[in-house]
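Student: please work out how this folds:
(chains A and B)
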Amino acid sequence: MLKNILVVGANSAIAKSVSRLYAEEHCRLYLLARNEEELALQKQDLLIRGASEVDYSVFDVNNFSLHDAIVDQVLDSLGSIDLAILCHGSLPDQALCAENFDAALKEFNTNALSVISLLTSLANHMSIQRCGCIAVITSVAGDRGRQSNYIYGAAKGMVSLYLQGLRGRLHPSGIHVVDIRPGFVDTPMTHTFKKGALWASPEQVAECIVNGIRKKKHTIYAPWFWRVIMMIVCSVPEVIFKRLKF
Amino acid sequence: MSSEPTSLHSWGRYPVTDAVVHVPRSAQDIQYLLQHTDASATGFSGIARGFGRSYGDSALASHIVHTRLLDHFLEFGADTGVLTCAAGVSLDTILHHFTPRGWFLPVVPGTRYVSVGGAIASDVHGKNHHIDGTFGQHLQSLRLLLASGEVVNCSAVENSILFHATCGGMGLTGVILDASIVLRRIPGSAVMQRTLRTQNLQEVIEKFEANVATTYSVAWLDCLANGSALGRSLLFLGEHAADGHYQAPRSGGISVPFSTPSFLLNRYSIGAFNALYHKRPINSEREQRIEAGNYFFPLDSIAHWNRLYGKRGFLQYQFVVPDESAHAAISRVLSTSSAAGKGSFLSVLKKFGPGNDNLLSFPIQGYTLAMDFKWEKSLLPMLDELDRIVLDHGGRLYLAKDARMSEDVFRRSYPRWEEFAQLRTQLGADKAFNSLQSRRLGF
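Tutor: Numbers count the residues shown, from 1 in each chain, chains lettered A, B, ... in the order given. The predicted structure follows:
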């Protein structure tokens, strides 16, 4: 049973829903995010929902030099980390990033390099514990590069590949690594999108995540049907795929 | 925070309108919205919306302040049972967390998928209205964001006029940010139910009167029975079980995946269903133990049941008439709708206790009947006819269900509308907070 949980990007809609599910299981939570006011609100909310203890720190994932210090700080507070779940991310303006490398670099920093930096520090600490779980929210967009969204896809895909390797490295230490790939989720990040039948709520996705982590899945598609959709997407021959606008 | 207009409707799926939906993360976001919206330079004009479970057009406007991200619990007094939470928290979430701890909401409407803000704005009632009154009567206080951007505390003692205007005020005084609700200790979450079969309207009214001391009471009524069987009903009486078992209402059940052809609901299918339902075997002497979810929210187990009425949706007609004219008024309503060949799949009759001090709250001492009619052109003239009957008998219609009442009918049945309108002008709310309903009703 999980007890001490670190949530990075804790103010994101999916993270909030995940934290709430763990609060009901009376876990201890440590939240990292940028907006302090929302963190304070969440702390109170999670305690009422049943969390045994909630701590938080204001933290910007793009300040890489602070990553080691923040992991130390979290470990000081929690003692050990049973689950570290990384939920932060941003949705790039694809058209801008296609023309402007600075914009693209910023997105790679937020969506990929910050994750890798944090995981380096977390993996080193957690492998000493010899138990625990690392879970990262990537995306179905990382399964295949598409012209409409390849900056985001490439960043998420980089993390997915990294996680595959890390999984092997940490396996002997008893650390389980989970790659969570949500499809379309109705969150503030996607607020301007038109919603259709494939869209899921953050609560539904959070349930997939918590169940998948409990069952020690390696890759969680949330909801499950994205596994089928992405199998089809990935099986389209490149000759055809390169002509598809989506 | 905002997006292109999307097409939006509420639970009755009628009417449908285009709206820009804003999803604020905080009170500051709403303040910003009030100051910075609209190209026309007239300032923000729109309405707050939670789960969209009102039936008609009261949560529809060109701009919507969606409260779904204002969904935090803020404080809970484990000794007092006072729960403070943001307006976007659903009653389902509250029951999910607090029923297992032995607490229950003092008032629950027929669905638990409503927000706290919506429950206050509609001042909802439940099966215990005759004893416990409305949702608003169990609030310690609430915080309201006014058109000016100012946030004020309101309660029965502090800013009491504003409090009584906001409870039942359909979101037209400001945006409700959060509220403190006094939860109730219960001896067990299940309900011990007795079912009484009655042969006509007179008999069900007599049985309601004879059982006023029972906490929960509601009747299902066969709206197509006529002659001597007019108003035949099944009366459901309930008390919380005292067995110390607590179980939150569970989700699940079945879902209606798409709109079904509305011709499936016609006077014959409805008549047959109602007749069979009334005749189902019951033992009125024996108590039945029913889980809270099934007792209070039977329809919640069929997700999207509103789709059964077809693409064009339906109208729910809910009125209340005073005790003394209840029999006459309800008989006339039933015979008029039955003569017009309009059946309601589910018709629900309930005895109300005394009204409250809120300016626009629906309940008054008497009887309320709710009927669902699928949308069709010929429905509107019949409902106008029903309005006349209700008004003649000193009754009124429920704003949370309404999608078509005229300004005249509203003003004649809600005598404090003028006081409400004046207060809105004073607060500048008349410019900032409007729904399709408020415009139709002449605010």
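
Student: list the buried residues for stretch A:128-143?
Tutor: Of the residues in stretch A:128-143, those with enough neighbours to count as buried (16 or more other CB atoms under 10 Å in any protein chain shown) are A:132, A:133, A:134, A:135, A:136, A:137, A:138, A:139, A:140, A:141, A:142, A:143. The C-beta positions use only the backbone N, C-alpha and C, and glycine is treated the same way.

Student: need the three-state assignment for the fourth one.
Tutor: With DSSP: H, G, I helix; E, B strand; the rest coil as the basis, residue A:135 sits in strand.

Student: ok, it touching residue A:210?
Tutor: No: Residue A:135 is beyond contact range of residue A:210, at 9.8 Å (criterion: CB atoms under 8 Å).

Student: returning to what we had before: between the buried residues of stretch A:128-143, which sits nearest residue A:14?
Tutor: Within those, the smallest distance to residue A:14 is 6.4 Å, found for residue A:137 (CB to CB).

Student: now for the buried residues of stretch A:128-143, which pair is the farthest apart?
Tutor: Maximum distance among the buried residues of stretch A:128-143 (CB to CB): 27.5 Å, for A:132 and A:141.

Student: show me where pLDDT drops low in the chain?
Tutor: Reading this off chain A. A:1-2 (pLDDT under 70).

Student: try chain B instead
Tutor: Judged against pLDDT under 70, the low-scoring parts of chain B cover residues B:1-3, B:37-42, B:252.

Student: on the three-state scheme, the residue positioned nearest the centre of it is what?
Tutor: Taking CA atoms, centre = their mean as the criterion, residue B:124 is the residue nearest the geometric centre of chain B, at 5.0 Å. Remark: residue B:124 carries the secondary structure label coil [criterion: three-state DSSP].

Student: give me phi/psi at residue A:205?
Tutor: Per-residue torsions, residue A:205: phi -60, psi -40 (degrees, to the nearest 10).

Student: whoops, residue A:28 was the one
Tutor: Here is the backbone geometry of residue A:28 (degrees, to the nearest 10): phi -100, psi 130.

Student: who does it form a beta bridge with?
Tutor: Partner residues in beta bridges with residue A:28, using DSSP bridges, are residue A:4, residue A:53.

Student: ok, it touching residue A:53?
Tutor: Yes: Residue A:28 is within contact range of residue A:53, at 4.4 Å (criterion: CB under 8 Å).

Student: between these two, which one's more packed in?
Tutor: For residue A:28 versus residue A:53, the count of surrounding residues by other CB atoms under 10 Å in any protein chain shown is larger for residue A:28: 20 against 15.

Student: who touches that one in this structure?
Tutor: A:3, A:4, A:5, A:51, A:52, A:53, A:54, A:78 (CB atoms under 8 Å, 6 or more residues apart in numbering or on different chains).

Student: just the buried ones from those residues, in PyMOL syntax?
Tutor: Entered in PyMOL, the line below selects the buried ones among the contacts of residue A:28, by 16+ other CB under 10 Å:
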select buried, chain A and resi 3+4+5+51+54+78
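
Student: of all the contacts of residue A:28, which comes closest to chain B?
Tutor: Out of those, the one with the shortest distance to chain B is residue A:51. That distance is 11.2 Å, counting by CB to the nearest CB.

Student: residues in contact with the closest one?
Tutor: A:19, A:22, A:23, A:26, A:27, A:28, A:29.

Student: ok, so of the residues you listed, who is nearest chain B?
Tutor: If you rank the contacts of residue A:51 by distance to chain B using CB to the nearest CB, residue A:23 comes first, at 9.6 Å.

Student: ok, the closest one touching residue A:43?
Tutor: No: with contact taken as CB under 8 Å, residue A:23 and residue A:43 are classed as non-touching, separated by 10.2 Å.

Student: any common contacting residues for the two?
Tutor: Counting by CB under 8 Å, 6+ apart, the common neighbours of residue A:23 and residue A:43 are residue A:54.

Student: more neighbours: these two, which one.
Tutor: residue A:23 (23 against 20).

Student: bridged to the spatially most central residue of chain A, which residues?
Tutor: Against the mean C-alpha coordinate of chain A, by CA atoms, centre = their mean, the closest residue is residue A:137 at 2.4 Å. Under DSSP bridges, the beta-bridge partners of residue A:137 are residue A:180.

Student: which parts of chain A sit against chain B?
Tutor: Counting by CB under 8 Å from any CB of the partner chain, the residues of chain A close to chain B are A:13, A:24, A:37-38, A:41-42, A:44-45, A:48-50, A:188, A:191-192, A:194.

Student: among those, who's most crowded?
Tutor: Comparing the residues of chain A next to chain B on neighbour count, residue A:42 comes out first with 26 neighbours (neighbours: other CB under 10 Å).

Student: can you tell me the element that one falls in?
Tutor: Secondary structure from DSSP states H and E places residue A:42 in helix A:36-49.

Student: same for that helix, what does it pack against?
Tutor: Packed against helix A:36-49, as judged by 3 or more CB pairs under 8 Å, 6 or more residues apart in numbering or on different chains; DSSP states H and E, are the following elements: helix A:13-24, strand A:28-33, strand A:53-58, strand B:73-76.

Student: please save the CA atoms from the longest one in PDB.
Tutor: To tie it back to what came earlier, the one meant is helix A:13-24. Written as PDB, here are the backbone C-alpha positions of helix A:13-24 (Å, rounded to 0.1, in the frame of the first residue of the first chain):
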ATOM      1  CA  ALA A  13      -6.300  19.100 -13.300                       C
ATOM      2  CA  ILE A  14      -5.200  15.500 -13.600                       C
ATOM      3  CA  ALA A  15      -2.800  15.800 -10.600                       C
ATOM      4  CA  LYS A  16      -5.600  17.300  -8.500                       C
ATOM      5  CA  SER A  17      -7.900  14.400  -9.200                       C
ATOM      6  CA  VAL A  18      -5.100  11.900  -8.600                       C
ATOM      7  CA  SER A  19      -4.200  13.500  -5.200                       C
ATOM      8  CA  ARG A  20      -7.900  13.400  -4.200                       C
ATOM      9  CA  LEU A  21      -8.100   9.700  -4.800                       C
ATOM     10  CA  TYR A  22      -4.900   9.100  -2.700                       C
ATOM     11  CA  ALA A  23      -6.200  11.400   0.000                       C
ATOM     12  CA  GLU A  24      -9.200   9.100   0.400                       C
END
